[in-house]
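> sequence and predicted structure are below.
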Amino acid sequence: MLKELINTELQDLPIKGLYINIIKKYVVKTPRNESFLVRNYTVILIKSGQFKIRIKDFTSYLRAQDLMVLPKNSYCRILEAKQKLQLFLICFTSDFAFENCLKRELVESFAFLLGKPSSKIPLEEKDFQVLSLIYKLIYFTNNNLQRDSENLELQRIGFNLFLYELKFIFNRYSTGTPIKICRQENLTIQFLTILTIHCKKQHSVKFYAGALFVTSDYLNKVVRKITGKNAKKLIDLGIINEIKNVLENSKSSITLIAQDFEFSSLSKLSNFFKRHTSMSPSEYRNTTERLKKT
């Protein structure tokens with residue numbers, strides 16, 4: 001059962017790139033001796049029961065209030081599930097994560113998702129309650145039949161909350177052991193960090209490659225391998241997220257925003273924003289203001 005849920009084809013869902021489920025009665029379907037590849041970023045939170053799982057050479061015993069990240073592209077084996085296992089499960093693609101929350105405060109969360117191997121985190125009651133409420137928020141928003149722009153914006157906010165809480169939990173419960181990531185993953189995290197600082201003014205791959213002492217071609221190659229998108233795509237997403245933040249939290253005119261982001265004209269900013277969001281900057285601002293009032 002878990003194998004099928006973890007490897008759900010996320011591109012075919014109503015919310016492209018995101019799947020969440022609250023499993024109230026887990027049924028073991030995968031044979032104990034069968035390993036399977038984890039194809040999506042996956043985070044599970046145990047509500048009740050016991051769960052034994054093996055990832056690569058590491059075996060973990062999960063119980064109520066335990067949190068665990070299953071690293072993408074790792075081999076996993078379900079060894080045991082008992083005592084009325086109930087859990088929260090969220091799976092998402094790197095595309096969804098980057099398109100919805102490429103922000104400076106959240107880049108650290110991606111290091112946790114990339115880290116290998118993963119280990120369980122036994123949560124205190126208050127942290128478990130907060131995270132389970134965020135799971136439920138995303139779940140009910142995700143299952144809302146209305147797919148208008150306001151519902152999609154609420155989905156993005158819920159996922160941001162999830163990553164913020166994930167970052168807080170990993171920082172709070174850290175044992176001091178550094179997260180193990182490979183050189184290419186480390187380069188990607190460095191790129192994302194620099195991107196969130198400079199994307200407002202720097203729109204070219206060449207700038208970021210120079211800051212990291214690599215060529216533009218190499219940076220594009222590595223970033224695409226780790227995230228599924230090349231560096232230029234992520235630069236554009238970073239710019240979009242920063243523009244969204246300004247539109248949501250300030251009264252600056254669209255003309256002034258175009259100047260601040262160094263677009264040569266208002267029309268170029270509007271065309272760029274609409275190409276990535278299907279809305280003009282004014283339409284996006286009006287949508288978020290209506291959402292705040294509801």
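Received it, and whenever you're ready, just let me know what you need. Numbers count the residues shown, from 1 in each chain.

> all contacts plus neighbour counts: C-alpha atoms, from now on.
Noted.

> contacting residues for residue 82?
49-51 (CA atoms under 8 Å, 6 or more residues apart in numbering).

> ok, the residues you listed vs residue 5, which is closest?
Residue 5 has its nearest neighbour among these in residue 51, at 15.8 Å by CA to CA.

> output the contacting helices and strands for whatever helix or strand the closest one lives in.
Secondary structure from DSSP states H and E places residue 51 in strand 41-55. On a contact count with 3 or more CA pairs under 8 Å, 6 or more residues apart in numbering; DSSP states H and E, strand 41-55 meets strand 58-62, strand 66-70, strand 75-92.

> which of the contacts of residue 82 sits closest to residue 206?
residue 51 (47.3 Å).

> most neighbours per residue, which of the helices and strands packed on strand 41-55?
Of all the helices and strands packed on strand 41-55, strand 66-70 carries the top mean neighbour count, a mean of 22, counting by mean count of other CA atoms under 10 Å.

> show me how far that strand is from its chain's centre.
Using CA atoms, centre = their mean, to the nearest Å, the mean C-alpha position of strand 66-70 is found 15 Å from that of the whole chain.

> just the residues contacting that strand, thanks.
38, 41-47, 55, 113, 118-123.

> most neighbours among the residues you listed, which one is it?
Of all the contacts of strand 66-70, the highest neighbour tally under other CA atoms under 10 Å goes to residue 45, namely 27 neighbours.

> shaky segments in the stretch 1-150 of the chain?
1, 11-14, 27-33, 100-106, 108-109, 111-112, 114-119, 144-150 (pLDDT under 70).

> related to what we said a few turns ago, could you export the contacts of residue 82 as CSV, including distance to residue 16?
Listed next are these as CSV, based on distance: CA to CA, whole Å:
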residue, distance to residue 16
49, 31
50, 31
51, 29
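
> follow-up on the earlier one: of all the helices and strands packed on strand 41-55, which one is nearest residue 143?
That would be strand 75-92 among those, by CA to CA, at 13.3 Å.

> can you list contacts of the helix or strand following the closest one?
Following strand 75-92 in sequence order, the next helix or strand is helix 94-101 (DSSP H and E). The contact list for helix 94-101 (CA under 8 Å, 6+ apart) reads 16-18, 41, 156, 159-160, 227-229, 234, 237, 241.

> how much does helix 94-101 deviate in direction from strand 41-55?
Here the directions of helix 94-101 and strand 41-55 differ by 140 degrees (axes from the mean of the first three to the mean of the last three CA atoms, to 10 degrees).

> number of residues surrounding residue 157?
Residues near residue 157, counting by other CA under 10 Å: 15.

> distance between stretch 255-264 and the chain's centre?
Here stretch 255-264 is found 28 Å from its chain centre; the criterion is CA atoms, centre = their mean.

> got the end-to-end distance for it?
10 Å (CA to CA, to the nearest Å).

> for residue 195, see how far away the most centrally placed residue in the chain is.
Nearest to the geometric centre of the chain sits residue 97, at 3.3 Å (CA atoms, centre = their mean). Distance of residue 97 to residue 195, given as CA to CA: 15 Å.

> check residue 124 too.
Plainly put, residue 124 is 34 Å away from residue 195 if you go by CA to CA.

> of those two, who's got more company?
residue 195 (27 against 11).

> now do the one helix or strand that one maps to against helix 94-101: the angle between them, please.
Secondary structure from DSSP H and E places residue 195 in helix 183-198. Angle of helix 183-198 versus helix 94-101, following the same axes, to 10 degrees, is 20 degrees.
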